[in-house]
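Student: below is the sequence, then the predicted model.
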Amino acid sequence: MKKKVLATLLAAAMTAGALAGCGGGAAETPAQQPAAETPAAETPAAEETPVAEVASAPDDAISNLIAATTGPVDLTVWASEEDQDLTNKLLDQFKALYSDVTFNITLGAESESTAKDTVLTDVEAAADVYAFADDQINDLVQAGALQEVVANYTYDVAGENVAGAVEAAGVGGKLYAYPMTADNGYFMFYDSSVFSDSDVQSLEKMIEVADAAGKKIAMDISNGWYIYAFFQGAGLELTLNADGTNTCTWNAAGGTDVAQAIIDLTASNVLVDMGDEDMATQIAEGNVVACVNGTWRAETAAEAWGDNYAATKLPTFKAGGKDCQMSSYSGYKLIGVNPHSKNIGWAMLLAEYLTNEDSQKARFEARGLGPANSAAAASDAVQSNPAIAALAEQAAYATPQRVGGNFWSPAETLGQILASGNPDGTDLQELLDTTVEGITAPIE
Amino acid sequence: MKNALNAVGKYFKDFGTALAKGDIGVKLSAVLMGAGYFARKQVINGIIMCLVEVLFAVLCIGYAAPNLAKFGTLGTVQFEQVFDPLTMTSTVNDYDNSFLILLNSIISLFIIFVFILFYISNMKAVYRLQLKKENGEHINTFPEDLRMMFNEKFHITLLTLPAIGIIIMNILPILVFAVAFTNYDQQHMPPNALFTWVGWTNFKNLFTSSVTVTFGYSFKKVLVWTLEWAVFATFTTYIGGILMAKFINDKRTKLPKLWRTLFIIAIAVPQFVTLLLVRSFFADNGIVNTFCNSIGFTGFLKNIGLVPSNLSYIPFLTNPGWAKVMIILINIWIGIPYQMLVATGVLMNIPEDQIESARIDGANPLQIFIKITMPYVLFVTGPSLITDFVKNINNFNVIYLLTQDVFVTSDQLLANSNAKEIDLLVTWLFRLTNEYYNYKMASVIGIIVFIICAAFTLVTFTRTIKGDKEEEFQ
Amino acid sequence: MKKTIKFVIRHLVLLFLSIVWLIPILWLFVTSFSGYKGINTSHFFPETWTLDNYAQLFLRSDSIVQYPRWFWNTFVIASFSCLISTILVLMVAYTMSKLRFTGRKGLMSFAIILNMFPGVLSMIAIYFILKTMGLTNSHLGMIIVYSAGAGLGYLICKGFMDTISISLSEAARLEGASEAKIFWSVIIPLSKPIIVYTVINAFLAPWADFVFAKLMLNSGVATDWTVAIGLFNMLGKSMINKYFSVFCAGGVIIAIPISALFVIMQKFYVEGITGGSVKG
């Protein structure tokens, strides 16, 4: 619980810092403001800046920009395959908004989950504005693929979005991206004709019920992102250090209990280790009646289960005789601006437009994606969406994803070994020790 | 080897002779490359040579020099960008991009190397002209020189274009493997960061294993499987192809063309389509598993211990052992039709008389196959067998497409260096660059793959090339 | 009687083998008519049949599926790169086979070793070399990628040319023909099978390659892609459940021209490859 308070405080501090950053940045006139200067550093001066000024200065900047723009503005935008129609619509609105300027906006398809792979291969060739999942933000910032959000022009990015999203869009106290959705975490989908409300409180109970019904519960255990839920839930830690390495205590006291719990849970063959794409098919086929997954599977589940479609927070599981609440990663989708963009001003304005309150609302209406914008998220329609409600419930146990690149492979393999029942019979402590060695390996 | 050394020695000796014994025109050529031609009234040749020299000078000053100056450090100026919130524009400093410096330096060095060779040959050519003149031989006019390019020197004309292509697509990229001696990885990625030379460190890492950096362990495992795979993949498809060709082309088989066409259809669908399809076909929850489950085959395999008891499916592509076998089987499926086509042609050319006489001597079909057909086929296709072997060492498609996103390693030490049980050196390298941006280690592995392949090829092809059998049929 | 049994068994074996070989292809074919867009894991044959997947490919182009464009792009790239590669291969093969000059054998060994170097390894370097020339995200760049290094694959073609009797070129030489003329009017016409073999191979490469194409055409804009990237993209994590049967339809469509090419050219193919590999 302590940790959560701390996180909230941190987020609040960050919000203040970023807010101040936008005021301070816009008020400062000399052109030679060093980029290295953090918004947080400006906090004292900016706190006295009246809000009205913050609002008026950006307008000057925009009109300056319009005046300074002579030729057509070329921009490339990457949005995920599913987001193409909506983004096209928003782009048209954006063009209409700044009708004095001719735009040549090219929309490309790049999934948020793979944006990093394409961007990092050649940052200079990447799109001016692109969407990505928040787990990639460290790598992207390190590779210089994200323009720091030093100023806001059309809305207050840090202030209007929920604190968690703003925290996820920042690295080292600086804001690097524009929150787009707040629904990229995971929770439990289930078929309410199989499970009752009380069944879904505990994973053991769920397995019992599903077994009786002859059905399966699916979770992608051999995946670092999901297996985190067990270890974090049992109070073991995984954190990112400043140098990009990880600190991990999964092999500390209690670690073997969690490992044993995963082996026991999967031994029944009711809780099965299954990849995300497989789950969609298996839900549709009626074999899987509950799964740990995110909003992107909501459509499949709702279609397959009809009125019985339900979602809730993750259940508890028994480790070493104690009930532990499964944790999760809270996930966000963000929009970033490429610092190598030729029209960086317009790219920033476009990124703001694609993430403002109206756009986020439109995104929810078109695709059911949970908004990161506080006002948009507060609407009744959003609140009554079962998947988003479940996410909100899980939020109390979720942590933002802050982890270095060395985590994924070892964690994935740990999941694979545990989910297949530790076939070589390796001593569990030894297994965890090796995993932790891999996770915490130094980066030369 | 000795011959080669002698040839190199002679090359430089000739250059020395030209420089020492040449007349004023030749000596001047050492400075102004066209001089020797002007002296023999070959004005156009002279002008061309001078132009080449000028072009080279311009390249040196404008391109090679600035890059080579930074070659030692690979750049020192870090990328810095300043964004001005009021004008909404950003300014970028004049930063160094380590990778571009490396690439351009390599290209520069290559150009300089080629120019030096060209320069030396030019000196020798000019000296030859002098000798001709002294001996009163005819000196070519420019049109005559041009005509030579289509006769005595036709090979130069023909090879120029392919050589340029090969230099751009093959030689320069191979030289970029100098990255193996730098620390180019995710922590040092241009344009945002710089990387620099680190000597042999990466090679040491590949051959040693510490507790956390398990590259040495993984390298050994991956190398062994790569070789195992190459042997199995090559021989199974090779022998399978011959057997199938024999079977189909047998006189007792009706409609051989129809059968052959049926098998060819399987390879007419592009490999990436069939492989991705087969991956879904054999997925843990795929259709084959559904089928095996419903006829009780999965249960049977569980009973005899081939499938772990806690699984409800056959882990075709997800368990290391199963995956290795499946990959080889699927490769047979893909490779046999090709080999069948090749073998069909070879079998058509088998000298019938030998087989006839063996038959008269009372040999049975199996004996004939082993004693006559196989040796002949082996003799004919031996070299291509080695080519196939090397191609299989680098068979990226089959392994990558069948296991990407599906296979998770259950060996923790492999996982710590991002390798998998079913990885070949190439696929490991590909994932190191594509997913982990570990360019330095990938380059080291690339160099090793190259050495292995080159060794295999050299051993076999020196035999064919040196053997001078090529004139046999002419 | 024994003969008949043997006859039947022989053909039953063949039948069995062809079924094994054709089952995945059949699955591809029937799934391309499936009304369910994801992977059907419980039935081999679709439960509902439809032509909608084909309609989606050809009639409903959007920013994800641009099949006619992909097909055209690939066709253009394949045609040009096959033309250039064939010319390059013939040039090198002829030089190595029929002309004699110092350093020939050294060059041959060098080329063979270079050719063993797999493209995957040097991909990134090639990308940046082409980028400095401004050729990424362009079809010209793709044509260069597929054809520039083709000269290295001269070996089989050279083997074939070795079997062409030298007396023919000698005769032409006596009549005063230049080397260039001998190449053009004596050797080329006799090399028809191997030319066909080279053309087919060079033409097919761009249809099957997705690794290079994905790296080079990285703008994310679907209209730039080749068939291979487009189809590969459909099996991405977020796409596979909505596009699997569309992917199958796309696979069937490219398989048709390629199979036709193979069946028609089978004779040349066999002649070319064996003529070449007889000598190795």
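Tutor: Ah, there it is. Numbering: from 1, shown residues only, chains lettered A, B, ... in the order given.

Student: what pLDDT does the model give the residue nearest to B:Ile24 when sequence neighbours are not counted?
Tutor: Nearest non-adjacent residue to B:Ile24, counting by Cβ to Cβ, 6 or more residues apart in numbering or on different chains: B:Ala39, 7.4 Å away. For glycine as for every other residue, the C-beta is placed from the backbone atoms N, C-alpha and C. The per-residue pLDDT reported for B:Ala39 equals 86.

Student: against which helices or strands is whichever helix or strand C:Leu204 is part of packed?
Tutor: C:Leu204 is located in helix C:192-208, with elements delineated by DSSP states H and E. If you count contacts as 3 or more Cβ pairs under 8 Å, 6 or more residues apart in numbering or on different chains; DSSP states H and E, helix C:192-208 packs onto helix C:67-98, helix C:139-147, helix C:155-162, helix C:227-234, helix C:240-279.

Student: torsion angles phi and psi at B:Phe379?
Tutor: When read as degrees, to the nearest 10, the backbone of B:Phe379 gives phi -60, psi -40.

Student: who touches the closest residue to C:Ile64 other than its chain neighbours in this structure?
Tutor: Among residues not flanking C:Ile64 along the chain, A:Glu81 sits closest, at 5.1 Å (Cβ to Cβ, 6+ apart). Contacts for A:Glu81 were tallied using Cβ atoms under 8 Å, 6 or more residues apart in numbering or on different chains; they are A:109, A:111, C:64, C:233, C:236, C:238-239.

Student: nearest to chain B, of the helices and strands packed on helix C:192-208?
Tutor: Of all these, it is helix C:240-279 that lies closest to chain B, at 2.8 Å by Cβ to the nearest Cβ.

Student: tilt between that closest one and helix C:67-98?
Tutor: Put simply, helix C:240-279 runs at 20 degrees to helix C:67-98, going by axes from the mean of the first three to the mean of the last three Cα atoms, to 10 degrees.

Student: return the distance of helix C:240-279 from the chain's centre.
Tutor: Computed by Cα atoms, centre = their mean, to the nearest Å, the separation of helix C:240-279 from the middle of its chain amounts to 8 Å.

Student: wait, does it contact chain A?
Tutor: Yes - contact check for helix C:240-279 against chain A, using Cβ under 8 Å from any Cβ of the partner chain: residues in range are C:240-241.

Student: got the angle between that helix and helix C:155-162?
Tutor: Computed by the same axes, to 10 degrees, the angle between helix C:240-279 and helix C:155-162 is 30 degrees.

Student: between helix C:192-208 and helix C:240-279, find me the angle.
Tutor: Between the axes of helix C:240-279 and helix C:192-208, defined by the same axes, to 10 degrees, the angle is 160 degrees.

Student: so what's the residue count around the closest residue to A:Asn241 other than its chain neighbours?
Tutor: For A:Asn241, ignoring the flanking residues on the chain, the nearest one in space by Cβ to Cβ, 6+ apart is A:Thr247 at 5.9 Å. A total of 13 residues lie near A:Thr247 under the criterion other Cβ atoms under 10 Å in any protein chain shown.

Student: make sure A:Thr247 is actually in contact with A:Val436.
Tutor: No - between A:Thr247 and A:Val436 no contact is recorded; they are 9.6 Å apart, counting by Cβ atoms under 8 Å.

Student: how near is the residue of chain B most remote from its centre to A:Ala67?
Tutor: Most distant from the centre of chain B: B:Leu86, at 52.2 Å, with distances by Cα atoms, centre = their mean. Taking Cβ to Cβ, to the nearest Å as the measure, B:Leu86 falls 13 Å from A:Ala67.

Student: circling back: please convert the helices and strands packed on helix C:192-208 to TSV, extending it with mean pLDDT and distance to chain B.
Tutor: As requested, these are arranged in TSV below (pLDDT from 0 to 100; distance: least, Cβ to the nearest Cβ, whole Å):
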stretch	mean pLDDT	distance to chain B
helix C:67-98	93	4
helix C:139-147	93	7
helix C:155-162	82	5
helix C:227-234	90	6
helix C:240-279	79	3
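
Student: reformat those helices into a markdown table and put mean neighbour count next to each item.
Tutor: Conversion of these to a markdown table gives the following (neighbours: other Cβ atoms under 10 Å in any protein chain shown):
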| stretch | mean neighbour count |
| --- | --- |
| helix C:67-98 | 22 |
| helix C:139-147 | 22 |
| helix C:155-162 | 25 |
| helix C:227-234 | 24 |
| helix C:240-279 | 21 |
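
Student: out of those, which gets nearest to C:Val186?
Tutor: The minimum distance between C:Val186 and the helices and strands packed on helix C:192-208 falls on helix C:67-98, with 9.5 Å, by Cβ to Cβ.

Student: next, the angle helix C:227-234 makes with the closest one.
Tutor: Helix C:67-98 and helix C:227-234 meet at an angle of 130 degrees, taking the same axes, to 10 degrees as the criterion.

Student: and helix C:67-98, what does it pack onto?
Tutor: Under the contact definition 3+ Cβ pairs under 8 Å, 6+ apart, helix C:67-98 sits against helix B:154-166, helix C:52-58, helix C:104-115, helix C:139-147, helix C:155-162, helix C:192-208, helix C:227-234, helix C:240-279.
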